[in-house]
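S.K.: sequence? don't have it. structure:
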């Protein structure tokens, strides 16, 4: 279902898996990302795979090559990029994820501001 692969110290995920998790068709998911591309600036959010990385991933996920290959290398999301997706998508899952991230951030901030007393 939700598979990550750590490769060259980068976190990869498949577009189709993320689209499904967030309740989107792949086509609409890609459109949302393109419409909000400024939020994914820098390779710490999203980046294009190079040919070597793509071929490695393709061999791991046994994909068909009958369509004649791909013109462009696919994009992959890092952990931060997956979190950013929750702020641009408008599905129930995305909203739940976004709320959870904000609550966790607030809890950490409160813990830093008011650390528990030493025992």
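M.R.: Okay, I see it. Bear in mind the structure is a predicted one, so any value in this text is a computation, not a measurement.

S.K.: all strands of this protein, in order?
M.R.: Counting by DSSP state E, the chain has strands at residues 5-7, 10-12, 46-48, 75-77.

S.K.: Can you pull out the low-pLDDT segments for the protein?
M.R.: Low-confidence segments of the chain (pLDDT under 70): 1-16, 60-72.

S.K.: Show me the helices in it, by range?
M.R.: Assigned by DSSP state H, the helices in the chain fall at 15-21, 26-35, 51-61, 79-88, 92-113.

S.K.: so can I have JSON lines of these showing mean neighbour count and distance to residue 45?
M.R.: Just so you know, the C-beta spots here come from the backbone N, C-alpha and C atoms, and that holds for glycine as well. Listed next are these as JSON lines, based on neighbours: other CB atoms under 10 Å; distance: least, CB to CB, whole Å:
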{"stretch": "helix 15-21", "mean neighbour count": "17", "distance to residue 45": "13"}
{"stretch": "helix 26-35", "mean neighbour count": "14", "distance to residue 45": "10"}
{"stretch": "helix 51-61", "mean neighbour count": "13", "distance to residue 45": "17"}
{"stretch": "helix 79-88", "mean neighbour count": "18", "distance to residue 45": "4"}
{"stretch": "helix 92-113", "mean neighbour count": "12", "distance to residue 45": "14"}
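
S.K.: Fine, thanks again, bye for now.
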